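Q: Any chance you could fold what I've pasted below:
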Amino acid sequence: MQSIDLLTTTMNPIVSTTQPMQPERYAVTVLEAWDETPSTRAIRLSKPAGFDFRVSQAVRLILNGQAGEIYHPFSIASSPTRPYLEFAARRSDSEYKMAFFSLTQGDTVHIVGPRGNFF
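A: I've put the predicted structure just below:
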């Protein structure tokens, strides 16, 4: 009877060559921007074709800063069934928030996402 030493037997492991899908980057238009309160601003962005997300997911919202692109993660405030995306932020003195508060209708920004799997 032949014995097999399982610790020294070599097997070819199966190696996965597929990488997790990276979220896409989209150029989107500011459809509307308004002050919810004196310290909170909201924006409504065009929703790219094929951009599907679930409740609780977020995007990376990319804006133009003084020295180039600046970004921040934002939870998507609108329903997945709406034909647009909404976000809101509280005012602060950061470069990012100043850029967010200066957005007006017709501006172009970028989003990367959706991201997150919370439910």
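
Q: longest strand anywhere in the chain?
A: Ordering each strand of the chain by length in residues (DSSP state E) puts strand 24-37 first.

Q: Please tell me how far that strand is from the chain's geometric centre.
A: 13 Å (CA atoms, centre = their mean, to the nearest Å).

Q: okay, which residue is most central for the chain?
A: Centroid check for the chain by CA atoms, centre = their mean gives V59 as the closest residue, at 1.4 Å.

Q: mind checking which helix or strand it is in?
A: In the assignment (DSSP states H and E), V59 maps to strand 58-65.

Q: for D93, same thing?
A: Using DSSP H and E, D93 sits within no helix or strand.

Q: can you pull out the strands in this structure?
A: 24-37, 40-46, 58-65, 68-75, 84-90, 108-115.

Q: Any buried residues in stretch 83-95, and which?
A: Neighbour counts over stretch 83-95 (16 or more other CB atoms under 10 Å) mark 85-87, 89 as buried. Using the backbone N, CA and C atoms, a C-beta is placed for each residue, glycine as well.

Q: so who does G116 touch?
A: Contact analysis of G116 by CB atoms under 8 Å, 6 or more residues apart in numbering lists 56-58.
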